[in-house]
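Colleague: here is a sequence together with a model predicted from it:
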Amino acid sequence: MKGPTPRAAAARARHALRGVKSRVLRAFRALYGESPLHLALLLASFALCGYALDRLLADDWYGVAKWIVGAALLHDLVLVPLYGGADWVLHRVLRLGAPSSPRRIAVVNHIRVPAFVSLLLLLVYWPLVSRDVGAARYHNATGRSLDVFRTRWLAVTAVLFALSALHLCWRLWRTRPRDAVPATGPGPLPAPQGGAGRAGRAVRWRSGRSARRVGGRSGR
Amino acid sequence: MTSLPSGGGPSGGPRRGAARLVPPRLRPPVPLPRVRSPFRSPLRGPWLTSVLGTVLLVGIPVLFVTGLLSYAAYNPDLSRINDKTPGKGLLGFYLFSWPTHPYWLYRVTQGVHVTLGVVLVPVLLAKLWSVVPKLFALPPVRSVGHALERLSLLLLVGGGIFEFATGILNTQLDYIFPGSFYPLHFYGAWVFFGAVLAHVALKLPLAVRSLRSRSFREELRTPRSRTRPEPADESGLVAAEPAEPTVSRRGALGMVGLGSLVLFVVTGGQSIGGPLRRAALLAPHGGEQGTGPSDFQVNKTAALAHIRPQDVGEDWRLTVRGSNGRSVQLSRTELAAMARHGAALPIACVEGWSSGDQHWEGVRLRDLAALVGFHDDPPGVFVESAQLAGSFRAVALRANQVRDPRSLLALRVNGADLSPDHGYPARVIVPDAPGVMNTKWVRQLTFGATYFEERA
């Protein structure tokens, strides 16, 4: 009778403490919306960021703040809609109102990939390609001419598109229709609506399933 | 019956008619015309974000550490003249004496810093693309905690783009950023890294769960036709109304990888050298080099430094002084008559480019120290150029740099006299020192001093 009493009391106390703890946690969550660890981590991070920001903003706080906030806004509100919109337009132009088919998507991607890489190079090397850095400054520093970069970017872009086109032709040739058996894919594609050579050719391709079969046969 | 949201338009008519028959109290809330989210890619989801995040999780700490090393390489704690961020406070806690061994150390760390930074641009863009719907998530703020997290994300995204932008602009000599590059990039790095730490700590569990949710190798074998959206979850990344996939996850990752690869090819050679140097077509100091003895890169020509002919002509004299008050003046002929030594060392710039090993010939710095009485264990030296204005016309070198037998006051390179752009009549070359620390058109060396005021 003597033994279990203090143990039971301790268990009751522990239980009560747990109750208080969980109530405090619940109240914290209701007020803050996240766990206390979340707050601790963010405060620690803000302490470091604040210490560095204080120094970063010491000279021209407005100019630097404009750059940091502007960088985020420019990316999210200008760059993303711009490339997202361009991609959407590319799809629309190449679809010409027809339902999408694997071949049409392939054409889109064979334009999309070199365009992505080329624009990426332009983005990273904009100061040199656009001559934003200034021919005199570049020449004074390096002793070289700034003229070469635009030509080189255009050349790299041309090579990228050419390789992509060659690859597309090779895929086209591999999956070319070998016989007169009509396509068994999900519904025949509408005939090309005239004009737009590239898209017109795309429309004449057959659907994905038969394409794979034909491709497989030619590859044995 | 007609309560299906139809996006407004012509079907509004009959619904209005039906509504008139129902007593106002029982009328269901009029469904707002639902705006279709513009973010409908079926590829977005926690798995894809986590894969891209993992690449950055490896890459960004490498950028941060190599960046900190580059700051240490300037020996900013040695002299105010070397320190472009004197207000650094605790952020300079890690500084140490920059070594001279191995002689290619700075070439590698800074080459990695700049090349990796450029190569990570498509990964960063893809990562931001993968999470962009969260920017427009509604409600914009759910709680105090959420508000703080969004503030931290502003520092993460803004700070990240700021770091990449200032770095990339600086390597292309396009100084349009608001202030001097060194403080902006150094303090900005700490702001960015502080936000990265919080982001990693908060998101790592989700990232690990997401990476385990599907097999990477399996995903690399999944073509577009079998690509399905990730299961919707609380991350808010998966599109509510996903569009048909136009590319597989494999394809999307491949596209990002191709972007990185092409950037590597047109950039990396400016620091790696060898056959890649010719492929570095867009790198500011890449491309083909001439074959002459002085046809390796420069970043400050004699014209830019406003070196006047009379400063480096026949009347040029090198003044060697000691903090002990002794002083010697030497003409170039006298210097050339001193014991000549050689060293094969590269020039490696903070901008990431570096030359291959060049064969320098000249007088050891420690032999010059001996001229003014420092025979054993010479101290550091304060080096001044004939350049009259502009940054880095004077630098302080530490004792370990002076004592290294490969540290020279070079008179010749690759078997010929220095060219004007490479610092004729004499320049400093020290193993592992960043390019700008190898002062050109040297006019005066003061041993035992590290700053103007300390000169005897």
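Modeller: Happy to help now that I have it. Numbering: from 1, shown residues only, chains lettered A, B, ... in the order given.

Colleague: contact partners for the residue in the stretch 251-400 of chain B positioned nearest to chain A?
Modeller: Per Cβ to the nearest Cβ, the residue of the stretch 251-400 of chain B with the smallest distance to chain A is B:Leu304, at 4.1 Å. Glycine gets a C-beta too; all of them are placed from N, C-alpha and C. Contacts for B:Leu304 (Cβ atoms under 8 Å, 6 or more residues apart in numbering or on different chains) come out as A:Asn140, A:Ala141, B:Gly390.

Colleague: so which of these wins on neighbours?
Modeller: Per-residue neighbour counts (other Cβ atoms under 10 Å in any protein chain shown) across the contacts of B:Leu304 peak at A:Ala141, which has 19 neighbours.

Colleague: is the host helix or strand of it in proximity to chain B?
Modeller: When elements are assigned from DSSP states H and E, A:Ala141 belongs to helix A:135-142. Yes: using Cβ under 8 Å from any Cβ of the partner chain, helix A:135-142 reaches chain B at A:Arg137, A:Tyr138, A:Asn140, A:Ala141, A:Thr142.

Colleague: list the contacts of A:Lys66.
Modeller: B:Pro178.

Colleague: surely it forms part of a helix?
Modeller: Yes: counting by DSSP: H, G, I helix; E, B strand; the rest coil, A:Lys66 falls inside a helix.

Colleague: apart from its chain neighbours, what residue comes closest to B:Pro122?
Modeller: Using Cβ to Cβ, 6 or more residues apart in numbering or on different chains and skipping residues adjacent in sequence, the residue nearest B:Pro122 is B:Gly259, 3.5 Å away.

Colleague: sorry, back to before: any chance of the contacts of B:Leu304 in CSV, with pLDDT and distance to B:Pro42 too?
Modeller: Shown next, in CSV, are the contacts of B:Leu304 (pLDDT from 0 to 100; distance: Cβ to Cβ, whole Å):
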residue, pLDDT, distance to B:Pro42
A:Asn140, 91, 51
A:Ala141, 92, 48
B:Gly390, 85, 54
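
Colleague: now, which of those residues sits nearest B:Ile81?
Modeller: In terms of Cβ to Cβ, no member of those lies closer to B:Ile81 than B:Gly390, at 13.0 Å.

Colleague: mind listing what that closest one touches?
Modeller: B:Gly390 makes contacts with B:Lys300, B:Leu304, B:Ala305, B:His306, as judged by Cβ under 8 Å, 6+ apart.

Colleague: and the third one, which of the three is it?
Modeller: Read it as B:Ala305. Assigned with three-state DSSP, B:Ala305 falls in the coil class.

Colleague: and it, what is it in contact with?
Modeller: B:Ser385, B:Gln387, B:Gly390, B:Arg393, B:Lys440, B:Trp441.

Colleague: weed out the non-buried ones from these.
Modeller: Buried by 16 or more other Cβ atoms under 10 Å in any protein chain shown: B:Ser385, B:Gln387, B:Arg393, B:Lys440, B:Trp441, out of the contacts of B:Ala305.

Colleague: quick one, which of the contacts of B:Ala305 has the minimum pLDDT?
Modeller: pLDDT across those is lowest for B:Gly390, at 85.

Colleague: and what about it, helix, strand or coil?
Modeller: The local conformation at B:Gly390, judged by three-state DSSP, is coil.

Colleague: same deal with B:Thr446?
Modeller: strand.

Colleague: about what we covered before: nearest to A:Leu122, of the buried ones among the contacts of B:Ala305?
Modeller: A:Leu122 lies nearest to B:Lys440 out of these, by Cβ to Cβ, at 34.1 Å.

Colleague: the closest residue to that closest one other than its chain neighbours and chain A: what is the separation?
Modeller: Nearest-residue entry for B:Lys440: B:Gly423, 2.9 Å, with adjacent residues in sequence omitted and distances by Cβ to Cβ, 6+ apart. Counting by Cβ to the nearest Cβ, to the nearest Å, the separation of B:Gly423 from chain A is 13 Å.

Colleague: for B:Gly423, give me its contacts.
Modeller: By Cβ under 8 Å, 6+ apart, the contact set of B:Gly423 is B:Ala410, B:Thr439, B:Lys440, B:Trp441, B:Val442.

Colleague: and of those residues, the nearest to chain A?
Modeller: The closest of those to chain A turns out to be B:Lys440 (Cβ to the nearest Cβ; 13.0 Å).

Colleague: who touches that closest one in this structure?
Modeller: By Cβ under 8 Å, 6+ apart, the contact set of B:Lys440 is B:Lys300, B:Ala305, B:Ser385, B:Gln387, B:His422, B:Gly423, B:Arg427, B:Val428.

Colleague: wait, is the fourth one part of a helix?
Modeller: What it means is B:Gln387. No: counting by three-state DSSP, B:Gln387 is not found in a helix; it is coil.

Colleague: that one contacts B:Arg393, correct?
Modeller: Yes: with contacts counted by Cβ atoms under 8 Å, B:Gln387 reaches B:Arg393, the gap being 4.0 Å.

Colleague: just want the residue of the stretch 1-150 of chain B that's nearest chain A.
Modeller: Minimum separation of the stretch 1-150 of chain B from chain A (Cβ to the nearest Cβ) falls at B:Ser143, amounting to 2.3 Å.

Colleague: pull the longest helix from the chain.
Modeller: As the question left the chain open, I've gone with chain A. helix A:4-32 (DSSP state H).

Colleague: wait, chain B was what I had in mind.
Modeller: Max-length helix for chain B by DSSP H is helix B:181-213.

Colleague: which secondary structure elements does that helix contact?
Modeller: Helix B:181-213 is packed against helix A:36-56, helix A:61-73, helix B:46-73, helix B:144-171, with contacts defined by 3 or more Cβ pairs under 8 Å, 6 or more residues apart in numbering or on different chains; DSSP states H and E.

Colleague: tell me which residues of whichever helix or strand comes after it are tucked away?
Modeller: Sequence-wise, the next helix or strand downstream of helix B:181-213 (DSSP H and E) is helix B:216-220. Within helix B:216-220, the residues that count as buried by 16+ other Cβ under 10 Å are B:Glu219.

Colleague: what about helix B:216-220, distance to the chain center?
Modeller: 32 Å (Cα atoms, centre = their mean, to the nearest Å).

Colleague: output that helix as PDB, nothing but the C-alphas.
Modeller: Taking C-alpha atoms only, helix B:216-220 is exported to PDB below (Å, rounded to 0.1, in the frame of the first residue of the first chain):
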ATOM      1  CA  PHE B 216      14.400   8.900 -59.400                       C
ATOM      2  CA  ARG B 217      15.600   6.100 -61.700                       C
ATOM      3  CA  GLU B 218      12.000   5.100 -62.500                       C
ATOM      4  CA  GLU B 219      11.200   8.800 -63.300                       C
ATOM      5  CA  LEU B 220      14.100   8.900 -65.700                       C
END
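
Colleague: which other helices and strands does whichever helix or strand comes after that helix contact?
Modeller: With elements assigned by DSSP H and E, the helix or strand that comes after helix B:216-220 is helix B:249-267. Packing contacts for helix B:249-267, counted by 3+ Cβ pairs under 8 Å, 6+ apart, involve helix A:102-124, helix A:148-174, helix B:46-73, helix B:105-119, helix B:121-135, helix B:216-220, helix B:276-279.

Colleague: among those, which is nearest A:Pro81?
Modeller: Closest to A:Pro81 of those is helix B:121-135 (Cβ to Cβ; 9.5 Å).

Colleague: what about the residue lying closest to B:Thr66 once chain neighbours are set aside, how many neighbours?
Modeller: Take B:Thr66 and drop its neighbours on the chain: the residue closest to it by Cβ to Cβ, 6+ apart is B:His113, 3.8 Å away. Counted with other Cβ under 10 Å, residues neighbouring B:His113 total 24.

Colleague: ok, B:His113 - contacts?
Modeller: Counting by Cβ under 8 Å, 6+ apart, B:His113 touches B:Leu63, B:Thr66, B:Gly67, B:Ser70, B:Gly352.

Colleague: from B:Ala283, how far out is it?
Modeller: Using Cβ to Cβ, to the nearest Å, B:His113 is found at 14 Å from B:Ala283.
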